[in-house]
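Engineer: I need the structure of the sequence given here:
(chains A and B)
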Amino acid sequence: MAEKRKPASAEEKMPESNRDFLEKTAVRGLLRGAISKLIENRPEDPIAFLAEYFDSADNKPGSNKVAKAHQELLLTHHSRPAFESNMMLAYQILSAPKNAKSKAGLKGDLFTELLTKILREVPSEMSELLLKKLLCYENEVIPYDIFHSGVMTCFIFLDFYAEADGLFTVLDTSHKKEVDKELCDTVLNQLNSAMNVTKDDPKSVLEGASKLRPDALAIALDNAFGSVVYDETMAREDFVSTAVVMFIAKVKPLR
Amino acid sequence: MSGAQFSMSGEEYLARHHVITYLEDAVSQLLEHKEENPRVNPAKFLSDYFTSVHRGNHTLFREYEYIKATPHNRTAFIRIFWKCFRQVGKSGDLLNAKEYQSLLCLLCPDFPLELVQKTARIVLMDDAMDCLMSFTDFLFAFQLQFYYDEFLYTCSEIYTNIMSATRGSRDAVVVPAVSRSKGKTPQLADGPDSVESAQFFEAVKMLCETFQFSHPPVDILRGILTSAPRVSFYGFLMALAKHDGINSAVGILPPKAQILDDTDPDIQM
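Structural biologist: Here you go, the predicted structure:
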């Protein structure tokens, strides 16, 4: 018996089934994306991560490209393999054409904006020094390898800054916020010679690493104490900025 | 940056943080929500959901099944219970188990009486349902019972096994637990019902090694169970409930002395 077809209007008024709703709003894709991002990046706090993830998945008009790219780069540490794919995604986000007429590609001004954002936690005098090395013209197009170098350098710099700061804390055993200048100079010198590694010479890499071994440091410190000790001290900012200057000196300019 | 989360499989990582549990619940909440608001934005809804989970105010008025689903949910609920009802403590009122259960049901409509009774037994060492308890005593016993529910249940099984195994082989002479010179520490074994602490500890320690649910730090268990030669089950539980280390391990309530202060800002988790 042929069933009477329900009139179209009644069908529309029927409550949408759960499955239809989920399909219509692409929730499944959203969830799948979230889970794969989680497994790739393994953040320490997945709940906070998910809150952020769904927030940015909510495509608000006018969301900042630089902010989104920066978010992408913060998902996992730069030493992890997943960082490479996050970097590519960040590049894509930044290169997306502004409108139908403009061409895709990353311009220098956006690139510098991103690097500045990455370095925002570091005191501006220091980040400016680094940015000078990574300077690009406003309107020049930045290819991926330059983008990669620039971004990597910034993240490694952040780690270095944290290490130098931590090193001062270790030296400041009496918590006076100042450390004997002789001690600082010795450590900084060791650090400097350790950084004189050339990428292609494995021997120099090993030599550099060995300079920072506890016994090598101890010998250097011993020698230092043997010489005349001036009663000068060094404060944290001076120590860290000296270390930072050493690091930046090693950075090859991008252009 | 700890690397531990990278050396486990994807499933282990997700399971450790109960991600799937939350995603499943988020989606069913979303579907429920759309009945009233058909134009809901799923991404925003999910983001709000996870923000509220992250802050720890997601368990209010939810069903029991949900609030006991993850350790984080349990601690969030304990915290809400404390914040909402510490007035009871301040006013000095003493309530019985049934009254505490009504309070709990205000926050969780189907909160089971059974769990409240178990809590009362820890405080009172007794089955009397009409006995009155102070808010602070109840709160700490509740924290222990609710957060470590599965652990306590398995310990009671271990205890019963040891009891029945040793029952035939000893006389009914009871050696009372030696009270420590400090005087204030509670007796671990009260009355004829007790087992050898060392034996109980060994079994519990083995349990902890493979137990898939939360359990108190083994050091604390060792400390309690080596303080007296014999222990009764409720003596053990009472010692746990009052132990500051347990409170720190759960990490959600301030120390006992500050429970009734209301100067703390609402810290978001």
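
Engineer: how about the strands in chain A?
Structural biologist: For chain A, the strands defined by DSSP state E cover A:178-180, A:233-235.

Engineer: So what touches the last one?
Structural biologist: The set of residues external to strand A:233-235 that reach it, using Cβ atoms under 8 Å, 6 or more residues apart in numbering or on different chains, is A:176-181, A:184-185. To be clear about C-beta, it is placed using only N, CA and C from the backbone, and glycine gets the same treatment.

Engineer: sorry, back to before: quick one, which of the strands of chain A is packed in tightest?
Structural biologist: strand A:178-180 (a mean of 20; mean count of other Cβ atoms under 10 Å in any protein chain shown).

Engineer: what distance separates that one from the centre of its chain?
Structural biologist: Taking Cα atoms, centre = their mean, to the nearest Å, the mean C-alpha location of strand A:178-180 is offset from the chain mean by 31 Å.

Engineer: For the helix or strand hosting B:Ile122, buried residues please.
Structural biologist: Secondary structure assignment for B:Ile122, by DSSP states H and E: helix B:113-124. By neighbour count with 16 or more other Cβ atoms under 10 Å in any protein chain shown, helix B:113-124 contains the buried residues B:115-116, B:118-124.

Engineer: Comparing the strands of chain A, which yields the minimum mean pLDDT?
Structural biologist: Looking over these, mean pLDDT reaches its minimum on strand A:178-180, with a mean of 78.

Engineer: Give me every residue in the stretch 51-200 of chain B lying close to chain A.
Structural biologist: B:51, B:53-54, B:72 (Cβ under 8 Å from any Cβ of the partner chain).

Engineer: residue contacts, the residue in the stretch 151-255 of chain A positioned nearest to chain B?
Structural biologist: Closest to chain B within the stretch 151-255 of chain A is A:Asp159: 10.0 Å, counting by Cβ to the nearest Cβ. A:Asp159 makes contact with A:His78, according to Cβ under 8 Å, 6+ apart.

Engineer: Which pLDDT value does the model give it?
Structural biologist: 86.

Engineer: one step back: take the residues of the stretch 51-200 of chain B next to chain A and lay them out in a markdown table including pLDDT, secondary structure and distance to A:Leu74.
Structural biologist: Conversion of those to a markdown table gives the following (pLDDT from 0 to 100; DSSP: H, G, I helix; E, B strand; the rest coil; distance: Cβ to Cβ, whole Å):
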| residue | pLDDT | secondary structure | distance to A:Leu74 |
| --- | --- | --- | --- |
| B:Thr51 | 92 | helix | 18 |
| B:Val53 | 95 | helix | 21 |
| B:His54 | 93 | helix | 17 |
| B:His72 | 95 | helix | 23 |
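
Engineer: Any regions of the chain where pLDDT drops low?
Structural biologist: Defaulting to chain A. Scanning chain A for pLDDT under 70 picks out the ranges A:1-16, A:23-25, A:59-63, A:100, A:197-211, A:224-230, A:255.

Engineer: looking at chain B here, not the other one
Structural biologist: Applying pLDDT under 70 to chain B flags the ranges B:1-2, B:126-128, B:168-187, B:189-191, B:263-269.

Engineer: wouldn't A:Glu178 be in contact with A:Asp172 here?
Structural biologist: Yes. A:Glu178 lies in contact with A:Asp172 (Cβ atoms under 8 Å); the separation is 7.5 Å.

Engineer: Count the residues that sit near B:Pro254.
Structural biologist: Using other Cβ atoms under 10 Å in any protein chain shown, B:Pro254 has 12 other residues around it.

Engineer: Sorry, wrong one. I was asking about B:Asp244.
Structural biologist: Close neighbours of B:Asp244, defined as other Cβ under 10 Å, add up to 12.

Engineer: In stretch A:168-187, which residues are buried?
Structural biologist: Within stretch A:168-187, the residues scored as buried using 16+ other Cβ under 10 Å are A:168, A:171-172, A:178-187.

Engineer: Ok, stretch A:130-138 next?
Structural biologist: Buried-residue list, stretch A:130-138, by 16+ other Cβ under 10 Å: A:130-131, A:133-134, A:136.

Engineer: In helices, which of the residues you listed appear?
Structural biologist: Among the buried residues of stretch A:130-138, the ones falling in helices (DSSP state H) are A:130-131, A:133.

Engineer: gap between the most centrally placed residue in chain A and B:Lys256?
Structural biologist: Centroid-nearest residue in chain A: A:Phe155, 3.9 Å away (criterion: Cα atoms, centre = their mean). Distance, A:Phe155 to B:Lys256, by Cβ to Cβ, to the nearest Å: 45 Å.

Engineer: How about B:Gln29?
Structural biologist: Computed as Cβ to Cβ, the B:Gln29 to B:Lys256 distance reads 36 Å.

Engineer: Kindly report the same for A:Lys107.
Structural biologist: 61 Å.

Engineer: Who has more neighbours out of these two?
Structural biologist: Counted by other Cβ under 10 Å, A:Lys107 and B:Lys256 do not tie: A:Lys107 has more neighbours, with 17 against 14.

Engineer: Can you get me a residue count around residue 102?
Structural biologist: Here I'm looking at chain A. By other Cβ under 10 Å, the residues close to A:Ser102 number 9.

Engineer: hm, I was asking about chain B
Structural biologist: 11.

Engineer: Now it: which helix or strand?
Structural biologist: According to DSSP H and E, B:Ser102 maps onto helix B:97-107.

Engineer: Give me the buried positions along that helix.
Structural biologist: Buried, per 16+ other Cβ under 10 Å, within helix B:97-107: B:97, B:99-101, B:103-104, B:107.

Engineer: My guess is A:Gly33 contacts A:Phe54. True?
Structural biologist: No. Contact criterion Cβ under 8 Å: A:Gly33 and A:Phe54 do not qualify, at 9.9 Å.

Engineer: out of those two, which sits in the more crowded spot?
Structural biologist: The neighbour count for A:Gly33 versus A:Phe54, taken as other Cβ under 10 Å, is higher for A:Phe54 (24 against 14).

Engineer: nearest spatial neighbour of that one, skipping sequence neighbours?
Structural biologist: Excluding the flanking residues, the one nearest A:Phe54 by Cβ to Cβ, 6 or more residues apart in numbering or on different chains is B:Ser47, at 3.7 Å.

Engineer: ok, now A:Asp109?
Structural biologist: Per Cβ to Cβ, 6+ apart, closest to A:Asp109 is A:Glu138, 4.4 Å.

Engineer: for the stretch 151-269 of chain B, what spans make up the strands?
Structural biologist: B:195-196, B:230-231 (DSSP state E, counting those that start in this stretch).

Engineer: Direction included, what does the first one pair up with?
Structural biologist: Which is strand B:195-196. Using DSSP bridges, the strands paired with strand B:195-196 in its sheet are strand B:230-231 (antiparallel).

Engineer: how far is the partner strand from where the chain is centred?
Structural biologist: 22 Å.

Engineer: thinking again about what came up before, a markdown table for the ones in helices among the buried residues of stretch A:130-138, including distance to chain B?
Structural biologist: Listed next are these as a markdown table, based on distance: Cβ to the nearest Cβ, whole Å:
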| residue | distance to chain B |
| --- | --- |
| A:Leu130 | 22 |
| A:Leu131 | 25 |
| A:Lys133 | 26 |
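
Engineer: And the residues you listed, which is closest to A:Ile219?
Structural biologist: A:Leu130 (31.9 Å; Cβ to Cβ).

Engineer: Okay, the residue nearest to that closest one when sequence neighbours are not counted and A:Leu135: tell me how far apart.
Structural biologist: Excluding its sequence neighbours, the residue lying closest to A:Leu130 (Cβ to Cβ, 6+ apart) is A:Ile248, at 5.4 Å. From A:Ile248 over to A:Leu135 the distance is 13 Å, taken as Cβ to Cβ.

Engineer: same thing with A:Ile142?
Structural biologist: Applying Cβ to Cβ, the value for A:Ile142 to A:Leu135 is 12 Å.

Engineer: do B:Tyr153 as well
Structural biologist: Distance, B:Tyr153 to A:Leu135, by Cβ to Cβ: 66 Å.

Engineer: Can you give me the neighbour number for A:Leu191?
Structural biologist: A:Leu191: 21 neighbours (other Cβ under 10 Å).
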